[in-house]
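Engineer: Below are the sequence and a predicted model; questions follow.
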Amino acid sequence: DAKTTQPNSMESNEEEPVHLPCNHSTISGTDYIHWYRQLPSQGPEYVIHGLTSNVNNRMASLAIAEDRKSSTLILHRATLRDAAVYYCILRDVDIGAGKSTFGDGTTLTVKP
Amino acid sequence: NAGVMQNPRHLVRRRGQEARLRCSPMKGHSHVYWYRQLPEEGLKFMVYLQKENIIDESGMPKERFSAEFPKEGPSILRIQQVVRGDSAAYFCASRPASGPNEQFFGPGTRLTVL
């Protein structure tokens, strides 16, 4: 599996934007970039995914580098409820491809 | 549409006993994944199943662990002769047969081995 590298932790102030980086230099042409987050004592929750173009949804935005070797998850206005571990993973576009490798993720702390 | 359901949410077993963890995927989902999360660590893939088939079990320990996803009923992760090192949160995820390969996770089962 192609691996991803994320900072262990980041801090943000409430109401400010947060940029969570992810490096995936060995990404293949058929890998989608997915982001999940895990709140304390809960299962992971899907956030967003993309292939080549930047993506926006109600939760966040995903900015993908032109060479696809890195991406950034953008939370436009952090709230206390956004405090979680954020995972960046690569997943093959082939629907038959199974497992995903979750790294240790980035622990986001939001300060009031 | 109910999400992925897992039961029990908490399970306590003594060393040597068996643990059975159940996962009911979202309606219409035919693919199930099991992950294990040790305390303070990320999720580790264990096994990927479709109905009545194991597709990828490369993350499963070779002994004591087994998984099934029968034609009818939930997916079962079975751990025989549990040891303290099996204490972890076990998450199940499901997805439909087609789509962007997005997985929907259940709330997890927290196994404690005494």
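Structural biologist: All right, it came through fine. On a predicted model such as this, the values are computed, not experimentally measured, just so you know. Numbers count the residues shown, from 1 in each chain, chains lettered A, B, ... in the order given.

Engineer: give the contact list for the spatially most central residue of chain B.
Structural biologist: In chain B, the residue lying closest to the centroid (C-alpha atoms, centre = their mean) is residue B:34, at 3.7 Å. Residues in contact with residue B:34 (C-beta atoms under 8 Å, 6 or more residues apart in numbering or on different chains) are B:23, B:46-47, B:49, B:67, B:75, B:77, B:90-92. Where you see a C-beta, it was placed from the backbone N, CA and C, and this is true even at glycine.

Engineer: what subset of those is also close to chain A?
Structural biologist: Counting by C-beta under 8 Å from any C-beta of the partner chain, residue B:91 from the contacts of residue B:34 sit close to chain A.

Engineer: C-alpha coordinates for the host helix or strand of residue B:20, PDB please?
Structural biologist: Using DSSP states H and E, residue B:20 maps to strand B:19-24. What follows is strand B:19-24, C-alpha atoms only, in PDB (Å, rounded to 0.1, in the frame of the first residue of the first chain):
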ATOM      1  CA  ALA B  19     -15.100 -13.500  22.000                       C
ATOM      2  CA  ARG B  20     -17.700 -13.000  19.300                       C
ATOM      3  CA  LEU B  21     -18.100  -9.600  17.800                       C
ATOM      4  CA  ARG B  22     -21.000  -8.900  15.400                       C
ATOM      5  CA  CYS B  23     -21.400  -6.400  12.700                       C
ATOM      6  CA  SER B  24     -24.500  -5.600  10.700                       C
END
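
Engineer: All set, thanks.
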